[in-house]
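K.L.:
got a sequence here, can you model it:
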Amino acid sequence: MSRHRNLMVLILILAAGLALRLGYLQERRSAPDFTQPVADAALHDYWARGLATGDWTPPAGEQDPEISSVPFLRPPGYPYVLAAVYRLAGTGPVASRVFQIALGLLNVVLVFALGRALFRPSVGLIAATLAALHWSGIYWESELQAVTLARTLVLGSLLALHFATHRRRMLPVIIAGLLLGLLALVRPNGLLLLPVAAVALFWLDRRPVRGIVLLVAAAVAIAPATIRNWRVAHDPVLISANGAVNLWIGNHDGADGVSAELPELEQLTGRTGWSWFSYREVVAGVAAREGREMSYSDVSHYFSLRAREWISTHPGEFLRLSGKRLLYLLGPDEISNNKAIRFEKASSRYLAPSPGFALPFALALVGVFLIGADVRRRGRGRPSDVALENPAAAWLVGLFFLVWIGSFVPFLAASRFRAPVEPLLFLFAAFAVARVAEALRRREWGVAGGLVAAALALFFLTTRSAYDSAVDEAWWHTDRGLALQRAGRTDEAEVELKAAIAANPGYVDAHVALGELYEQLDRKDEAIAHYAAVLQQRPDKSSLMMKTAVLLNARGRYQEAVPYLRTLVQISDSPETRFEYGRALTEVGRYDEGIEQFRAAIAAQPEQPQAFTNLGIAQAKLGKTSEAIESFREAIYLDPYGKEAYFHLGNALQAAKQYDDAKEAFEEAARIGLTWVDPRVHRGNLANELGEYEDAVQWYEQAIRLNPTHVVARYNMSAALANLGRFDEALEHLQVAEAQEPANRLVKERIAQIHQLMQSKAGK
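P.N.:
Numbers count the residues shown, from 1 in each chain. Alright, predicted model coming up:
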């Protein structure tokens, strides 16, 4: 095939790839996380926006990760490239995806160039077709993840190394070193490719010069990140601070090889979930545990030490986990890490028809076998059936793939970790397809049939799944629900979160997310129901238990809150827990126990005006009026604007017959609480008790202006008016009260009394 025809075919391949990508982009625009990215994508978007605009306001509900003042939390390469796109084309969600589509099409060209350089043009075109049409590239180009950029750097460095090994020049070595250094800034495990490339150059030259140049060029690319980390945080972090924590996540009691749950998170932070936005809490938690100030690199050393200790004491379990992770990384399933990828693929009309990982992997294995056989024939001086232009570079491609995959085996398995080197499989798969086509052209039916049979057998073996992805559907719906909630589309969010629970009724994250949505919508009782469902399965989630107990107290469901709070006090002797427990105990009539809890809360944290107020309430319930007055005055001393303390002080002073002081307390509560009805009603009640009926009427009028439907205010107003002989007005207030509460016996009796008084007056 001529160069012109090759170019035309490549253009057609690129056009087909572009059409698929634009179609998928249009489809993705309706997805909730297109404008509201989740997990790592949310951090990348935030980071890039901050760099591009100078606005470091974190997303709603997230903490400030303090990126500008700490070492890089994650590899900086992708966020900096994304920031450049945002600065040039704006921060809208489309421009970044269009850029990545362009990068993806460049990757197709690079795959073609590598296939042509290593093998022949037909192999390059087949590999380019796979790269253009396979769902993986299309999918990742619409995600705010580093995969597409990492693919470009992997392919570019390999192409440069091809020229370095083929022509023995220095410029390709420098380019390869720079690209591999940039790759390390995008995915730090790319550092492991540097010695592979350097050794390959040394093996070819038998001299170290070009290998050293490659390493120096890579160091030049990496150095700005290291220098920046030192200048900003005075912390010797080479690239980013996330490697050690990932090692600990992957190697501890309970690790499963895929879950990104941080061990001991709740003990360190009080949280049940984490993200890079809240990582500074993890750092603070480790520092508190160790009893000293710790830098991010110190915390990395802490996590690394914990992981290495576990590995050394559990070598068998580590090997089992490592084998499991390797099977996952080379298996047919799309292992979820940030998103439930399997369902993303299945729900797309553009991605669903595309074969998964197993087919190109099976074909690649056949291709590797054929290349090995060809090299052996050449070594024995026999004629070769297949064009292999650069065996050294071809083997380097294979080594890059193996080292890349192997670098994740001690950590975690996920589809996005293997995705940057998937195009390398396309090269070997294309080689196998080209060999089958060549055999068919030559009518070598046996050879073609044998290769197809081998590919089918390997495909069958590689489609055998070792991964249970049952949770992924619930995860997928939950992520969509969270993104919709952030976008303010709460009705749709509720539908998605309910679908998550329907898919997996025991999925904790969905229940928690739906509970938080209901809290936001002020549907507190429904929120409590979902939190309680989680706590039935996971009674260890103490922070969620605390949230549930506080909600129960706020809803007046104190009896239900008591057992939660009793458990929490045994787990964590915090002032907040003691306070809430005291509230619940007081409200269910267990005043002595409530007082004990309030005193414990105050002992732990003396400057708690609310604790003193509630202590006083419990003391007043037991008739300990003088002690209650003292507690309320202490609360007011701590918070001179505490209207509740003034209000309850007024009640206690009234009970102690200190009427003038009681009046002042009620009036101060009313002054502070400009729209609060209760102190006005109680001030009126006190005036009624003292026979100051005109004064009482004025206070009740204030209360009724604030709340015209307040039954108690109108009922007591009727008494004051009746005592003043203003029976018609009293009756009017009682009729309004009766309309509000038709079954209120006291109101009905008072109406009857007023009528009797009116008749009695008329009789006179």
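K.L.:
so residue 45 sits against residue 82, correct?
P.N.:
Yes - at 7.5 Å, residue 45 and residue 82 qualify as touching, with contact defined as Cβ atoms under 8 Å. Any C-beta I mention is one placed from the backbone N, CA and C, and that applies to glycine too.
K.L.:
what is in contact with those two at once?
P.N.:
residue 144 (Cβ atoms under 8 Å, 6 or more residues apart in numbering).
K.L.:
the two - which one has more neighbours?
P.N.:
Using other Cβ atoms under 10 Å as the criterion, residue 45 and residue 82 rank with residue 82 on top: 25 against 22.
K.L.:
tell me the spacing between the nearest residue to the more buried one once chain neighbours are set aside and residue 58.
P.N.:
The spatially closest residue to residue 82, leaving aside those adjacent along the chain, is residue 48, at 3.7 Å (Cβ to Cβ, 6 or more residues apart in numbering). Distance, residue 48 to residue 58, by Cβ to Cβ, to the nearest Å: 13 Å.
K.L.:
neighbour-wise, which of these two wins?
P.N.:
Per other Cβ under 10 Å, whichever of residue 48 and residue 58 has more neighbours is residue 48, with 23 against 16.
K.L.:
contacting residues for that one?
P.N.:
79-80, 82-83, 85-86, 91.
K.L.:
domains of this structure?
P.N.:
The record assigns the chain these domain ranges, following automatic domain parsing: 539-606, 607-676, 680-764.
K.L.:
could the ones you listed go into CSV alongside mean neighbour count, mean pLDDT and distance to residue 451?
P.N.:
Listed next are those as CSV, based on neighbours: other Cβ atoms under 10 Å; pLDDT from 0 to 100; distance: least, Cβ to Cβ, whole Å:
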stretch, mean neighbour count, mean pLDDT, distance to residue 451
domain 539-606, 19, 88, 54
domain 607-676, 20, 92, 77
domain 680-764, 18, 88, 84
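K.L.:
residue 68: neighbour count?
P.N.:
Neighbour number of residue 68 under other Cβ under 10 Å is 12.
K.L.:
hmm, residue 231 and it touching each other?
P.N.:
No - using Cβ under 8 Å, residue 68 is not in contact with residue 231; the gap is 11.6 Å.
K.L.:
just to revisit the earlier point, from the contacts of residue 48, which shows the smallest pLDDT?
P.N.:
Scanning the contacts of residue 48 for pLDDT, the low point is residue 91. It has 91.
K.L.:
just the terminal-to-terminal distance for stretch 601-615.
P.N.:
Criterion Cα to Cα, to the nearest Å; first-to-last residue distance in stretch 601-615 is 10 Å.
K.L.:
show me the contact partners of it.
P.N.:
Contact with stretch 601-615 is made by 573-576, 578-579, 582-583, 586, 594-595, 598-599, 631-632, 634-636, 638-639, 642, 644-645, 648, as judged by Cβ under 8 Å, 6+ apart.
K.L.:
swap in stretch 292-310?
P.N.:
70-71, 73, 233-237, 241, 243-245, 247-248, 250-253, 282-283, 286-287, 290, 318.
K.L.:
and stretch 27-44, by the same measure?
P.N.:
Contacts of stretch 27-44 (Cβ under 8 Å, 6+ apart): 45, 59, 62, 65, 73-74, 78-79, 82, 93-94, 97, 142-146, 275-277, 338-339, 348-350, 479-484, 486-487, 489, 492-493, 496.
K.L.:
so how do I select the buried members of these in PyMOL?
P.N.:
Paste this into PyMOL to select the buried members of those, with burial taken from 16 or more other Cβ atoms under 10 Å:
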select buried, resi 45+59+62+65+73+74+78+79+82+93+97+142+143+144+145+146+275+276+277+338+339+348+350+479+480+481+482+483+484+486+489+492+493+496
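K.L.:
of the contacts of stretch 27-44, which belong to helices?
P.N.:
Using DSSP state H, the members of the contacts of stretch 27-44 that fall in helices are 45, 78-79, 82, 93-94, 97, 479-484, 486, 492-493, 496.
K.L.:
pull the contacting residues for residue 399.
P.N.:
When contacts are counted by Cβ under 8 Å, 6+ apart, residue 399 touches 196, 200.
K.L.:
state the number of residues packed around residue 395.
P.N.:
Residue 395: 16 neighbours (other Cβ under 10 Å).
K.L.:
now do the buried residues in the helix or strand hosting it.
P.N.:
Using DSSP states H and E, residue 395 sits within helix 391-408. Neighbour counts over helix 391-408 (16+ other Cβ under 10 Å) mark 392-398, 400-401, 403-405, 407-408 as buried.
K.L.:
next one: stretch 158-168
P.N.:
158-166.
K.L.:
will you turn the residues you listed into JSON lines that also has distance to residue 200, pLDDT and secondary structure?
P.N.:
Converted to JSON lines, the buried residues of stretch 158-168 look like this (distance: Cβ to Cβ, whole Å; pLDDT from 0 to 100; DSSP: H, G, I helix; E, B strand; the rest coil):
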{"residue": "158", "distance to residue 200": "11", "pLDDT": "95", "secondary structure": "helix"}
{"residue": "159", "distance to residue 200": "14", "pLDDT": "94", "secondary structure": "helix"}
{"residue": "160", "distance to residue 200": "12", "pLDDT": "94", "secondary structure": "helix"}
{"residue": "161", "distance to residue 200": "7", "pLDDT": "92", "secondary structure": "helix"}
{"residue": "162", "distance to residue 200": "11", "pLDDT": "90", "secondary structure": "helix"}
{"residue": "163", "distance to residue 200": "13", "pLDDT": "89", "secondary structure": "helix"}
{"residue": "164", "distance to residue 200": "9", "pLDDT": "87", "secondary structure": "helix"}
{"residue": "165", "distance to residue 200": "7", "pLDDT": "81", "secondary structure": "helix"}
{"residue": "166", "distance to residue 200": "12", "pLDDT": "76", "secondary structure": "helix"}
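K.L.:
make TSV out of those and add distance to residue 619.
P.N.:
Below are the buried residues of stretch 158-168 laid out as TSV (distance: Cβ to Cβ, whole Å):
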residue	distance to residue 619
158	78
159	81
160	80
161	80
162	84
163	86
164	84
165	86
166	89
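K.L.:
can I get the domains of the chain in CSV including distance to residue 25?
P.N.:
Listed next are the domains of the chain as CSV, based on distance: least, Cβ to Cβ, whole Å:
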stretch, distance to residue 25
domain 539-606, 38
domain 607-676, 52
domain 680-764, 55
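K.L.:
what are the contacting residues of whichever strand or helix holds residue 576?
P.N.:
Here residue 576, judged by DSSP H and E, is contained in helix 575-587. The contact list for helix 575-587 (Cβ under 8 Å, 6+ apart) reads 546, 549-550, 552-553, 556, 558-559, 561-562, 565-566, 568-569, 591, 593-598, 600-602, 604-605, 608, 610-611, 614-615, 617-618, 621.
K.L.:
narrow those residues to those in helices?
P.N.:
546, 549-550, 552-553, 558-559, 561-562, 565-566, 568-569, 591, 593-598, 600-602, 604, 610-611, 614-615, 617-618, 621.
K.L.:
isn't residue 645 right up against residue 639?
P.N.:
Yes - here residue 645 reaches residue 639: they are 7.0 Å apart, a contact under Cβ under 8 Å.
K.L.:
got a list of what residue 112 touches?
P.N.:
10, 13, 124-125, 127-128, 131.
K.L.:
now swap in residue 478 and tell me
P.N.:
Applying Cβ under 8 Å, 6+ apart, the residues near residue 478 are 496-497, 500, 507, 509-510, 513.
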